[in-house]
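Undergrad: Here is the input, now give the coordinates:
(4 chains)
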Protein chains: 4
Amino acid sequence: MNFTTQKRVRFHHCDPAGIVFYPQFYVLLHEVQEDFLAHIGYPEHEMIAGGHGVPIADMKTEFLGMCRHGDLLTVTLALTRIGGASLGMHYEIQASAQAGQAQGAIKLRSHGVVVYSDIPHGKPVRIPDGLRQALLPYLQTTPQTP
Amino acid sequence: MNFTTQKRVRFHHCDPAGIVFYPQFYVLLHEVQEDFLAHIGYPEHEMIAGGHGVPIADMKTEFLGMCRHGDLLTVTLALTRIGGASLGMHYEIQASAQAGQAQGAIKLRSHGVVVYSDIPHGKPVRIPDGLRQALLPYLQTTPQTP
Amino acid sequence: MNFTTQKRVRFHHCDPAGIVFYPQFYVLLHEVQEDFLAHIGYPEHEMIAGGHGVPIADMKTEFLGMCRHGDLLTVTLALTRIGGASLGMHYEIQASAQAGQAQGAIKLRSHGVVVYSDIPHGKPVRIPDGLRQALLPYLQTTPQTP
Amino acid sequence: MNFTTQKRVRFHHCDPAGIVFYPQFYVLLHEVQEDFLAHIGYPEHEMIAGGHGVPIADMKTEFLGMCRHGDLLTVTLALTRIGGASLGMHYEIQASAQAGQAQGAIKLRSHGVVVYSDIPHGKPVRIPDGLRQALLPYLQTTPQTP
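TA: Numbering: from 1, shown residues only, chains lettered A, B, ... in the order given. Down below sits the predicted model:
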């Protein structure tokens, strides 16, 4: 199962070239991570208040097309791996379909690894069973190669 | 030859866990790109005013350690490839040496590909000769694997 | 009539003190301005594509209480003045009601003046009649003193 | 005595209209506050590590002219009041002088009130004597009206 949500490209995401400034894509992907964690019942602000977080260890991103102010983007998240403390997360950003298109173009593919850790020291901690169960339905059985 | 500069971790780079929010590392790397282009005589704002830019196509990053508010970081940039329109850029972020250390820990390694393009349409354009000559001294002869 | 919308405090809005970093409140208020302009049929990205924008001239803000990661905020916008080219905009940010409260605390009051202008030179331009008609229902007849 | 520093307008400060997105001015002013506190021997990251901070209570800003990517700005900070826990801070941003000008145009004037507070609860705390002594030379004897 994938987690899917929509994000609007905002004025503040865009640069003097009129397109999304690439670090802002990561802000959007982090918002999607927040939306996902809230959706499965583990809101990130409660996780942090409880002394844990999911800092990033690795991120590989292909930027496949420009996105502009006002664009409506569909973002899909799937898990590629649930390890002891680490999670593989695969994101795709797809533009809305234009007239005459069956579907919108893929604008970005990103594969990240985050590590469930204590805060503020950052030591990896085994993902607790409740969270693990909530994550499991989103694990790809046939992993997508990023 | 490498291009090296220093960046201070600012309050606005940091998150509720007290560490650099990872998209802010990309803002810092982009600042280093700006510093580099200005240093070799091709300031990015003049490039953009002239109808060109260097949007990103690909970025792979290893986050090797947390950085905190007030940390002084040394950022090194080297070019791994100068193509027709594309540039391979290798970044390393190193912390300041602590007492008893010969040198500071590497906190981040990142390898990006940017494409010299027209603005706002984003079509790749051959890197002009003057810019190419200015970039050449920073090309690694023995490429570092990111 | 007021324009009202809700915004969630995101991880990326918050600082090492765990509260919204104050410049991020302005990013949120600008999002509300975007939402408002889209709601009345004048999306900001179309306005900009058409060579106009609404740069800010003046902003006075009272920060009345801290907002934290995960908080759900209700933002209200009313117009205090519709001039030739300028608009007076009054914002209030209200927290969600806590247990035992009739309503949530006001966290921020802000009064801004924006100027309908050409882009990129920034000369003020008379607000066109269509936009003026669309703005009119949101003009406070009894102006609220910010 | 004033505190003066220079800031370069970066690509990431600018919006699709090619000018500084106004919330980014506040990020710059906060950087100047950080620079100032470090200059007088009270770096903000040490203040926060020690359980205190200076959250903002009030901010009034006049935006007097657009600033663009690549502009070199001179920012001046003076204190208009040193209260029990609160500080009045007056900022001015001045552009570099252009050919034929004696001095650059003032682009922004801002007057803020920050409150020395405990972190994370945000209760005002009396400014300690050492910090008070370090602030005193920057207090305007003839207060500038913002």
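
Undergrad: only C-alpha atoms for contact and neighbour calcs from this point on.
TA: Fine.

Undergrad: Model confidence score at A:Thr141, please.
TA: pLDDT for A:Thr141: 76.

Undergrad: how many neighbours does it have?
TA: 11 (other CA atoms under 10 Å in any protein chain shown).

Undergrad: now do A:Leu79
TA: Count around A:Leu79 with other CA under 10 Å applied: 25.

Undergrad: That one: what's it in contact with?
TA: A:Leu87, A:Gly88, A:Met89, A:His90, A:Tyr138, A:Leu139, A:Gln140 (CA atoms under 8 Å, 6 or more residues apart in numbering or on different chains).

Undergrad: Where does confidence bottom out across those residues?
TA: A:Gln140 (93).

Undergrad: contacting residues around it?
TA: For A:Gln140, the residues meeting the contact criterion (CA under 8 Å, 6+ apart) are A:Met1, A:Ala78, A:Leu79, A:Thr80, A:Arg81.

Undergrad: same question, A:Gly88
TA: A:Leu79, A:Thr80, A:Arg81, A:Ile82, A:His111, A:Gly112, A:Val113, A:Val114.

Undergrad: Ramachandran coordinates for the spatially most central residue of chain A?
TA: By CA atoms, centre = their mean, chain A has its centre lying nearest to A:Leu29, at 4.1 Å. Per-residue torsions, A:Leu29: phi -60, psi -40 (degrees, to the nearest 10).

Undergrad: dump the residue contacts of it.
TA: With CA under 8 Å, 6+ apart, A:Leu29 has these contacts: A:Tyr91.

Undergrad: Return the residues of chain A in contact with chain C.
TA: Counting by CA under 8 Å from any CA of the partner chain, chain A comes close to chain C at A:Arg10, A:Phe11, A:His12, A:Val27, A:Glu31, A:Pro43, A:His45, A:His69, A:Gly70.

Undergrad: burial count for the closest residue to A:Met1 other than its chain neighbours?
TA: Once flanking residues are discounted, A:Met1 sits nearest to A:Tyr138: 4.8 Å by CA to CA, 6 or more residues apart in numbering or on different chains. Burial of A:Tyr138 is recorded as 18 neighbouring residues (other CA under 10 Å).

Undergrad: Pretty sure A:Tyr138 sits against A:Phe36.
TA: No - the criterion here is CA atoms under 8 Å, and A:Tyr138 misses it with A:Phe36 at 10.1 Å.

Undergrad: anything in contact with each of the two?
TA: With CA under 8 Å, 6+ apart as the test, A:Tyr138 and A:Phe36 both reach A:Phe3.

Undergrad: Look at the residue of chain A most remote from its centre and report its pLDDT.
TA: Distance from the centre of chain A peaks at A:Gly100, with 28.9 Å (CA atoms, centre = their mean). For A:Gly100, the model assigns a pLDDT of 83.

Undergrad: State whether it is indeed within a helix.
TA: No - if the criterion is DSSP: H, G, I helix; E, B strand; the rest coil, then A:Gly100 is coil and not within a helix.

Undergrad: distance of it from chain D?
TA: 28 Å (CA to the nearest CA, to the nearest Å).

Undergrad: and what of A:Gly122?
TA: Counting by CA to the nearest CA - A:Gly122 and chain D are separated by 17 Å.

Undergrad: And the helix or strand hosting A:Thr76, how far out from the chain middle?
TA: Assessed by DSSP states H and E, A:Thr76 sits inside strand A:72-82. Distance, stretch centre to chain centre, for strand A:72-82: 6 Å (CA atoms, centre = their mean, to the nearest Å).

Undergrad: do the same with stretch A:109-123
TA: Using CA atoms, centre = their mean, the offset of stretch A:109-123 from its chain centre is 13 Å.

Undergrad: just stretch A:2-20 next, same as before
TA: On CA atoms, centre = their mean, the centre of stretch A:2-20 falls 14 Å from that of its chain.

Undergrad: Give me the buried positions along that stretch.
TA: A:2-4, A:7, A:9-20 (16 or more other CA atoms under 10 Å in any protein chain shown).

Undergrad: from the residues you listed, which are also near chain B?
TA: A:Ala17, A:Gly18.

Undergrad: Tell me which entries of the buried residues of stretch A:2-20 lie within strands.
TA: A:Phe3, A:Thr4, A:Lys7 (DSSP state E).

Undergrad: who's the second one bridged to?
TA: To tie it back to what came earlier, the one meant is A:Thr4. Beta-bridge partners of A:Thr4, counted by DSSP bridges, are A:Thr76.

Undergrad: what sits against it?
TA: A:Thr74, A:Val75, A:Thr76, A:Leu77.

Undergrad: before we move on, what about the first one?
TA: For A:Phe3, the residues meeting the contact criterion (CA under 8 Å, 6+ apart) are A:Phe36, A:Thr76, A:Leu77, A:Ala78, A:Tyr138.

Undergrad: now do A:Lys60
TA: So A:Lys60 contacts A:Ser110, A:His111, A:Gly112, A:Pro146, B:Asp58, B:Met59, B:Lys60, B:Thr61 (CA under 8 Å, 6+ apart).

Undergrad: okay, now the third one: neighbour count?
TA: The reference is to A:Gly112. Neighbours around A:Gly112, by other CA under 10 Å: 21.

Undergrad: And A:Arg81, by the same measure?
TA: Counted with other CA under 10 Å, A:Arg81 comes out at 18.

Undergrad: from memory it sits against A:His111, does it?
TA: No - counting by CA under 8 Å, A:Arg81 stays clear of A:His111, with 10.9 Å between them.

Undergrad: where along chain A do the helices fall?
TA: A:22-39, A:44-49, A:129-135 (DSSP state H).

Undergrad: Extract the C-alpha trace of the longest one and format it as CSV.
TA: Pointing back at helix A:22-39 there. Taking C-alpha atoms only, helix A:22-39 is exported to CSV below (Å, rounded to 0.1, in the frame of the first residue of the first chain):
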residue,chain,number,x,y,z
TYR,A,22,15.3,22.4,-4.8
PRO,A,23,15.8,22.4,-1.0
GLN,A,24,12.1,23.3,-0.8
PHE,A,25,11.3,19.9,-2.3
TYR,A,26,12.8,18.3,0.8
VAL,A,27,10.7,20.5,3.0
LEU,A,28,7.7,19.2,1.0
LEU,A,29,8.9,15.6,1.4
HIS,A,30,9.3,16.1,5.1
GLU,A,31,5.7,17.5,5.3
VAL,A,32,4.6,14.3,3.6
GLN,A,33,6.5,12.2,6.2
GLU,A,34,4.7,14.2,8.9
ASP,A,35,1.3,13.6,7.2
PHE,A,36,2.1,9.9,6.9
LEU,A,37,3.2,9.5,10.5
ALA,A,38,0.0,11.3,11.7
HIS,A,39,-2.1,9.1,9.4
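
Undergrad: so that helix versus helix B:22-39, what angle?
TA: Calculated by axes from the mean of the first three to the mean of the last three CA atoms, to 10 degrees, helix A:22-39 forms an angle of 180 degrees with helix B:22-39.

Undergrad: Helix A:22-39 to strand A:3-8, inter-axis angle?
TA: 130 degrees.

Undergrad: Helix A:22-39 - what's its average pLDDT?
TA: Averaged over helix A:22-39, pLDDT sits at 98.

Undergrad: pLDDT added to the contacts of A:Lys60, as JSON lines?
TA: JSON lines is the format used below for the contacts of A:Lys60 (pLDDT from 0 to 100):
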{"residue": "A:Ser110", "pLDDT": "98"}
{"residue": "A:His111", "pLDDT": "98"}
{"residue": "A:Gly112", "pLDDT": "98"}
{"residue": "A:Pro146", "pLDDT": "52"}
{"residue": "B:Asp58", "pLDDT": "98"}
{"residue": "B:Met59", "pLDDT": "98"}
{"residue": "B:Lys60", "pLDDT": "98"}
{"residue": "B:Thr61", "pLDDT": "98"}
